[in-house]
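[1] Here is the input, now give the coordinates:
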Amino acid sequence: MLRRVLVAVLLMAPLVAVAPSAAAADPAPTVLEQLRQRVQDRAAPRFDGTVRLPDPAPQQAPAARPAAKSAAADGCQPAGSAYLLCDQPGTEHPDPARLRTSGRSTLAVDPIPLPEWCYEYAYRGWQYYRQDGCAIQSRTATIVDRNTREPVGAINYLLAENVFTADDIPNFGRQAFISPFGGWGLGLSPGTTVVGELTCSGACLSLPIPFGPQPATQESVVKAIGIFPIRTLAAGAVDYANSRVTYTFLNPLWEPTPITPDPAPPQIRCDNAVPGYAYVGCVFPGFAPIYQYARSGLYPELAEHIGDAQGSGLPGAPGTPALHRMVDPARQDANGNRACPRRYPRPATKSCDEYPFRSTIEGASTAVPQGVARTFNWCTIPEPIGTTGPTGYSVCMIDARQNSNGGSALNTGLYQSERVIDGDAFYIEIVGTGGGTSPFPPDYPPSVNAGPDVSGYEGDSIELAGTATDDNGTPTVTWSYAAGPDVDPGATCTFSGGGSTATTAIRCTDDGTYTVTIHGDDGIHDEASTDSATVRMVNVDPRIRRNTRDLNAAADVPALGIVSPRPWQVYQVGDPVTLTTNFEDPGSNDTHTCTIGWDDGTTSNTVADGHVCGGAHTYQHAGMYTITPGITDDDGGTAEQTSVLIIVYDPDGGFATGAGHFTSAAGSLPANPTATGKTHFQFNPKYLPHDTGPVPSNGKANLKLEGGAFDFTSTSLSWLVVTQDGKTAVSGTGSVNGKAGYGFVAYGYETGHFRMVVWDLAKGAYPTTDKIYDNSPSLEYDLDRARLQPIDAGSIHTH
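    Below you'll find the predicted structure:
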């Protein structure tokens, strides 16, 4: 069974367990190898368009070594052994290169070598860049007699520590190297080993990672490596992590004392807050990266403009105030629009470049205080030349492809790979001299054409025959529109497919004149190419579906047209009659007026909101009323006419009697269209006292064509209308030639006019076009509008 050693993470702090098994400390090889590759990539030579490492912080003088006795007493606490182990910074500074060549440790995997600059700046405390930090220090572990408090030996050793991160890996690495290089007395006792642990706090998830025991000899290097995963971070989240190493020298001769050396490494920041980069990574936020462009490199005109702008006093060069990233798209657009307005003429292969960048707080619109534009004599910009000082911004027309590609390189090579998030500081360094030739050929803007002017109807889809071409393939296409002064407020248009193709279609909600514009963007030039055409939309009248078919159930009510009242619906005098008419208008931005003719000499006018024309009315007299709604849009268009016939009865309004004969003309009997002859009629419907209607309690109606061709006898009455001007109508059911299942309406005027309509009830509840008998054939059934036939003999009276 392996022996377990208890050591303190911090002196005088609670104790934690450290397992000495080397196998238990093995990190995940996949993540380790990924991080190893990232460290090796960062050690490669740096060229134009990449991040440059500046010089580390100035060297700090090492602390003076205290007197041996007082040094031995510092941090040593009496315990059970005869000797104590105390640790402090050392005074000897051997060549740190021994860390490269000392013997292999017992680790199962090779640690990542220390970066070369770590050796160059040894003994200066922690040095760090954006994703690498390192420190090398000399230390002395002194063995002290617990009784005399005098030193009896020492171990002189180098301690090297480093931390490494990656922009796209949610882990960071922590290493420690301990290399004894001298000592005296008990410090040279054989069998000394080192055991310890690597710990992490903050954003990391891992438990302490133990290492050792490993031999502590002048021919070996104790090596410890740990990979710490970062907890899941939501989009936009930022967190921080810290790490430490704690260790001790083990030997049966002395009491082991845990050593947690100072200073601690700088805090690292882990985030998921780089726009457009859906990865978690970690950096040292205290280091402001330097991104480099060369005047003779890939983007010579871009570099020349930035160099001239910095030379005129604008910030961002190393040694001057830094630039700071700003990720708000609206504020970025404000910077770009102020620095590079559309009024600037743009030569064919050029685009407008601004400095400081639109993606910085120091940009043209977001800088505090704002300044004015400046430019240079080679820039083709109508702004002052010769302006200097740190306030303001610079603009220049440069090669469009260099401008675009150089900006993309900044985004990937700095913002993404160095995890420069909102508010982070950075620098832009321009190196070399001018005269370089860009490897990119000139880029011309897209050629676009909006096609011919077109016209059509509001609400309809109208084709737009645009074209868009570019020397690098098909550009990204968008369409926009602008309503003319003859278009009502609130009108909108949409393009088919979102308007992402040159050939598209437009649909607008109101009539008038619109200007449509095609935009072609090649991703290179800062302004899209545009062309416009005119679209004229013609007003379309509102539409109502006519109620012309039989409605046998509530489910038959059409979505459009008059949905209430239903045709031939019966009301009593004094009952409210509510009209609801649904209509449609492809010009959905139109407003509408509803005018209702109630057929009793009155009309009403309302605003038809929601494509509904409605109103309510109360009739004071019995009659058959044809209600007619009218819909007019704000452009003068009117809907087709429609109407609905209703019945209003009055049980106290009187009764009617009639009898006589007339001649049925040919066509009165569709089943026998040539049948004619003398026809006898008789009716006497009456509401009796206490009748509430609509069914009259008394009366009947009969009609007979001589010769036996047609013989109708009523079997029931449904309603009775007697008007104030001597007109009557009665409806019910009956039999034809002895066969039941027929409906009838009989009309009579006191002037001696009569009409009888009979239809098969299987065809509907009221007469339409399919009738059995009609002595005055017509589709008009309103009592006031119907055409009645004069009788040859007899009389008709209302009482």
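
[2] show me the contacts for residue 790.
    Shown in contact with residue 790 (C-beta atoms under 8 Å, 6 or more residues apart in numbering): 662, 752-753. To be clear about C-beta, it is placed using only N, CA and C from the backbone, and glycine gets the same treatment.

[3] which of those lies closest to residue 734?
    Closest to residue 734 out of the contacts of residue 790 is residue 662 (19.0 Å), distances taken as C-beta to C-beta.

[4] circling back: select only the buried ones of the contacts of residue 790 in ChimeraX?
    Listed next is the ChimeraX selection for buried residues among the contacts of residue 790, using 16 or more other C-beta atoms under 10 Å:
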select :662,752,753
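
[5] now, which of the contacts of residue 790 sits nearest residue 297?
    Residue 297 lies nearest to residue 753 out of the contacts of residue 790, by C-beta to C-beta, at 104.7 Å.

[6] for that closest one, what are its contacts?
    Going by C-beta under 8 Å, 6+ apart, residue 753 touches 747, 788-791, 796.

[7] hang on, the earlier thing: mark which of the contacts of residue 790 are part of strands, please.
    662, 753 (DSSP state E).

[8] Now do the helices in this protein.
    Using DSSP state H, the helices of the chain run over 29-42, 68-73, 98-101, 116-120, 300-311, 329-339, 400-410.

[9] Any of the contacts of residue 753 buried? List them.
    Listed as buried from the contacts of residue 753 are 747, 788-789, 791, 796; burial here means 16+ other C-beta under 10 Å.

[10] from the residues you listed, which is closest to residue 646?
    residue 747 (16.2 Å).

[11] Provide a list of residues in contact with that closest one.
    Contacts of residue 747 (C-beta under 8 Å, 6+ apart): 727-729, 753-756, 783, 786, 788.

[12] Equivalent analysis for residue 691, please.
    Residue 691 neighbours (C-beta under 8 Å, 6+ apart): 651, 697.

[13] Angles on the backbone of it, please.
    Here is the backbone geometry of residue 691 (degrees, to the nearest 10): phi -70, psi 140.

[14] ok so, going back, mind checking which of the contacts of residue 753 land in strands?
    When DSSP E defines the strands, the subset of those inside them is 747, 789-790, 796.

[15] circling back to that earlier point, mind picking the two most distant members of the contacts of residue 747?
    Longest span within these, C-beta to C-beta: 727 and 756, 14.9 Å.

[16] How much space separates the closest residue to residue 259 other than its chain neighbours from residue 157?
    Closest residue to residue 259 apart from its sequence neighbours, by C-beta to C-beta, 6 or more residues apart in numbering: residue 87 at 4.5 Å. From residue 87 over to residue 157 the distance is 9 Å, taken as C-beta to C-beta, to the nearest Å.

[17] Residue 128 reaches residue 134, doesn't it?
    Yes. Using C-beta atoms under 8 Å, residue 128 is in contact with residue 134, at 7.2 Å.

[18] I'd like the distance between residue 720 and residue 467.
    73 Å.

[19] More neighbours: which of those two?
    Between residue 720 and residue 467, residue 720 has the larger neighbour count (other C-beta atoms under 10 Å), namely 30 against 15.

[20] I'd assumed residue 688 was in contact with that one.
    No. Between residue 720 and residue 688 there is no contact under C-beta under 8 Å: 11.2 Å.

[21] Residues that sit against both of these two, list them.
    Contacts common to residue 720 and residue 688, judged by C-beta under 8 Å, 6+ apart, are residue 696.

[22] per-residue confidence at residue 306?
    As predicted, residue 306 sits at a pLDDT of 98.

[23] actually residue 4, not the one I typed
    For residue 4, the model assigns a pLDDT of 24.

[24] would you turn the contacts of residue 747 into TSV with distance to residue 564 and pLDDT?
    Output for the contacts of residue 747, formatted as TSV (distance: C-beta to C-beta, whole Å; pLDDT from 0 to 100):
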residue	distance to residue 564	pLDDT
727	26	96
728	27	97
729	22	96
753	32	96
754	32	97
755	28	97
756	30	97
783	22	95
786	24	93
788	30	96
